[in-house]
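[1] 3D model of this:
(2 chains)
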Amino acid sequence: MLTYTFRRLAMSVPTLLFISLAIFLLLKLAPGDPVANQPLTIPPEVRQKMREALGYDQPLVVQYWKWLVQFFWVEPLVLTDHIFGTNFSDGKLRILSWQHRAPVMDIVVQRLPQTLWVVGTAYVVAILIALPIGIYSAYRQYSVFDNAGTFVSMVGFSMPPFFSGVLLIVIFSVNMPRDSFWWFPSIYDTTLRVTSWDTFQAQIRQMVLPVMVLALQITSQLSRFMRASMLDNLNQDYVRTARAKGLSEWVVVMIHVLRNSMIPVVTVIALGIPTIFGGAIITERVFKVNGIGDQLIGALFASDIPTVMTLTFIFAILIVVFNLIADILYGILDPRIRYD
Amino acid sequence: MRLKTALLGAAALAALAPTAFAAGHEGPRGRDGEVKIIYWQAPSIMNPFLSGGTKDIEAASMVVEPLARYDPEGTMLPWLVEEIPTVENGGVTEDLTQITWKITPGLTWSDGTPFTSADVKFTYDYCTHPEGGCAQATKFEGVASVETPDEQTVVVNFDGPTPFPYGPFVGNESPIIQAAQFADCMGAKAPECTEANFKPIGTGPFVVTEFKPNDVISMVANENYRVDGKPAFATVTFKGGGDAAAAGRAVMETGEYDYAWNLQLAPDVIATMEQGGKGKPVVGFGTLVERIMLNHTNPDPSLGAEERAVVRPHPFLQDPAVYKALSMAIDRALLVEVGYGQAGRVTCNWVPAPQLYASTSMTCDTQDIEGAKKLLDDAGIVDTDGDGIREKDGVPLAILFQSSTNAVRQDFQALIKDWWEQIGLSVELRNVDSSVFFGGDPGSPDTFQKFYADVQMYANNFAGTDPQAYLGNGLCDKAPTPASQWQGENISRFCMEEYDALHKELAATGDLEERGRIAKELNDMAVANGMMIPLVDRGRLSAHSVTLGGVDLNTWDSELWNVADWYRIK
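    Coordinates of the predicted model:
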């Protein structure tokens, strides 16, 4: 297993390098201009100067190499400096955003907590809701509960967040009286710091709507998975054996069947974790949560290549890593699976 | 601007100000707590020299200020100076090559240090550094040097007679930054000064305490602000991001925010939001004109790369009957109603404002399809082969009509296509993503500069109040060509000797009345000779909470120009 892990890790280096090159070339081939959003009153000569100041017209090889060095050498140095108080990175140029001319990683660090809070909470909430629903739906297949669950997850899965988000805003922010308990803010207050019970409540309240939108989607997906996996196992011979032994229904379902059914579900959950870091582009936009997804889409609109490049590459790393973790988890959950 | 009027206006304003206070919102600085502003385009930087984006310039305008700025009528107001220099008061030399500004004594930066002429000169050096990529470099065009005879005096020397010497250090695009803070940020080092770019020290009513790029700016009242009792608000939360609809909703429907900027929304959407009762829209008109540009070159795809949209003339668009008929067939009033509602009005002019430069000689309010048909018939442009499309000298009047991707523009395209088809043209529509259309990439065939179409629609305006440079967009040598890497502002490739000569005359005239006359004539000449078909004078529509007082929407400067005067209505 250990050898396998090392082999996979070693393999991921060229994979990631290739991914970074692919992202870079795609971004360069795509149309767009970092100064396109500047007003028309700015004449072409000034625009050209601005592009030059950004380093936009350097040769591709130079731009790519610069980015590689900054990402794999300068940024880790900055991190080391930050942790150990050293100053290896002094005077080295970091990856600077073309929009705000500040280091991209600083903004990522600033924004990651919001994404982890909102999307992460939604993920946890969704898991907590989805698993019981999936289990009970499968146990009482074709019952009223199962049918209702199927309907709700179909609706939840097919409704895009730009619709469900706005729908919730109309219900809970616009039409709800402001002093009602059920009024929730439609705009995430990113300056809020949790320092007291009141601010904690405010934080929870402003997370309600975006978490609801995201949780609905994830719940629909996960509960379907859970149900299908449970159904596969409920008809197996070992379940009959367990019942024949005289075990209670609780023990049969919750211990024997559930444990076996969790194997594929755990994989799905693990593979979904990178998406938490990736943020939720649309939901973050709708509720103005200053997360990673919002940063990515903003950078895309502004043709801010260094930011887009860095973010997508971080996602790529996370996906590669969590794929590996899922594969290893498989081996741990199911002793029959061995890679060596 | 008539400067005398400007000065009188300023004096009157100063006289009126105390009366305004008597209305019951006077008091100590910071008495009204927090004001929340939302811009659906989030500011990315607080240094207006590193970004020309309106969102960034306006956010920065609360902190850094110019020597003089414009009021909502487009009149210049002395801001950090005692008066506007003119030839009459001796501030501008007779030969129009030098302007002398006198800084108000006793001004300080928000950190308490004195504001001096050295800061003004530094700002000039900072923006004109060749490696800096300064977005506002045009403001300093023609400036030969900036001198500082003493701490209160700034002398700007131009390299030739400059009839309108109010480019440098005037308006929200040319504020003064602090020399001490930006000293190490010159040229190529400019982007590395993150702290200074995010939290500039200014003379304005507010000071940045926290800047989260593309998200939120927190500000507090400037303790060293020059006016006692202002600003009324102690803190500002300046939120950015999302979309115009959400911003409008947050002010007018949910009441979570006090001010929402530039709500480019369908008129019925605004009306519905207004019923929310928590806020109301305000409109201001500037110089932004939605227009259809007519191609004066031949965009035929069968021509080679060196000739397409380069060789003149266009097969039929320069025929006066054709472009006049195209204009007559358009129902501008309907376009305004469909696209902009109260934030738009019909215009027949390229330069719709300020009043001094706005021509009144043309009318175009009513649609006249029959008249347009008759005009074409009389010119002998008729359908000869029976396919329903008119021909001129055997060339069918088939038009490719392009624009950028935008809901209102596509509505306009569909309506105009229908009207033009009614008068016997065939119209093909096309829309291009705005980042490509306006992107100026010489390699792309879809930019508005390349103009690989017969007509195209977009909006443009000019910064400040003087249209000289803007009218210069009609000069023959400003046409984009392959030789100029497709750069150039004369998008329609309009070219007339008389026009060029008259523009030269404008550039040599100092008297404002005379400048107004020439500018109007240039405007009429360009429109009457088929450079463009002006459609809609687009105003700016913003919204403010019913409890927010003092808002005076300004399209000539930052919308937040008078944020120091805002207060809470109790």
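[2] Residue A:307 looks like it's in a helix, true?
    Yes. Counting by DSSP: H, G, I helix; E, B strand; the rest coil, residue A:307 falls inside a helix.
[3] State the distance from residue B:544 to residue B:33.
    Distance, residue B:544 to residue B:33, using Cβ to Cβ, to the nearest Å: 16 Å. C-betas here are computed from N, CA, C, even on glycine.
[4] Neighbour count for those two, which is higher?
    Taking neighbours as other Cβ atoms under 10 Å in any protein chain shown, residue B:544 and residue B:33 compare with residue B:544 leading, 24 against 10.
[5] and the more buried one, what is it in contact with?
    Residue B:544 is in contact with B:251, B:258, B:259, B:260, B:279, B:280, B:282, B:551, counting by Cβ atoms under 8 Å, 6 or more residues apart in numbering or on different chains.
[6] Quickly find the element holding it.
    Here residue B:544 is covered by strand B:532-545, with elements defined by DSSP states H and E.
[7] That strand pairs with which strands, parallel or anti?
    Sheet pairing for strand B:532-545, assigned by DSSP bridges, gives strand B:259-260 (antiparallel), strand B:279-294 (antiparallel), strand B:344-346 (antiparallel).
[8] out of these, deepest packed?
    Comparing these by mean neighbour count (mean count of other Cβ atoms under 10 Å in any protein chain shown), strand B:259-260 comes out on top with a mean of 26.
[9] Show the subsequent helix or strand relative to that strand.
    Next helix or strand after strand B:259-260 toward the C-terminus (DSSP H and E): helix B:267-274.
[10] Send over that next one as CSV, restricted to the C-alpha atoms.
    Output of helix B:267-274 as CSV, limited to C-alpha atoms (Å, rounded to 0.1, in the frame of the first residue of the first chain):
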residue,chain,number,x,y,z
PRO,B,267,-37.2,50.0,-16.9
ASP,B,268,-39.9,47.6,-15.7
VAL,B,269,-37.5,46.0,-13.3
ILE,B,270,-36.6,49.4,-11.8
ALA,B,271,-40.3,50.2,-11.5
THR,B,272,-41.1,47.0,-9.7
MET,B,273,-38.2,47.5,-7.3
GLU,B,274,-39.3,51.0,-6.6
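[11] For it, which residues meet the burial criterion?
    The neighbour-count check on helix B:267-274 (16 or more other Cβ atoms under 10 Å in any protein chain shown) flags B:267, B:270, B:273, B:274 as buried.
[12] Then stretch A:263-280?
    Residues A:264-265, A:267, A:269-270, A:272-280 are the ones in stretch A:263-280 that count as buried (16+ other Cβ under 10 Å).
[13] same deal with stretch B:541-555?
    Neighbour counts over stretch B:541-555 (16+ other Cβ under 10 Å) mark B:541, B:542, B:543, B:544, B:545, B:548, B:549, B:550, B:551, B:553, B:554, B:555 as buried.
[14] For my notes, please list those in a markdown table and give distance to residue A:31 and pLDDT for each entry.
    Below are the buried residues of stretch B:541-555 laid out as a markdown table (distance: Cβ to Cβ, whole Å; pLDDT from 0 to 100):
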| residue | distance to residue A:31 | pLDDT |
| --- | --- | --- |
| B:541 | 31 | 91 |
| B:542 | 32 | 93 |
| B:543 | 34 | 94 |
| B:544 | 38 | 95 |
| B:545 | 40 | 94 |
| B:548 | 41 | 93 |
| B:549 | 46 | 90 |
| B:550 | 44 | 91 |
| B:551 | 39 | 92 |
| B:553 | 35 | 91 |
| B:554 | 35 | 89 |
| B:555 | 31 | 87 |
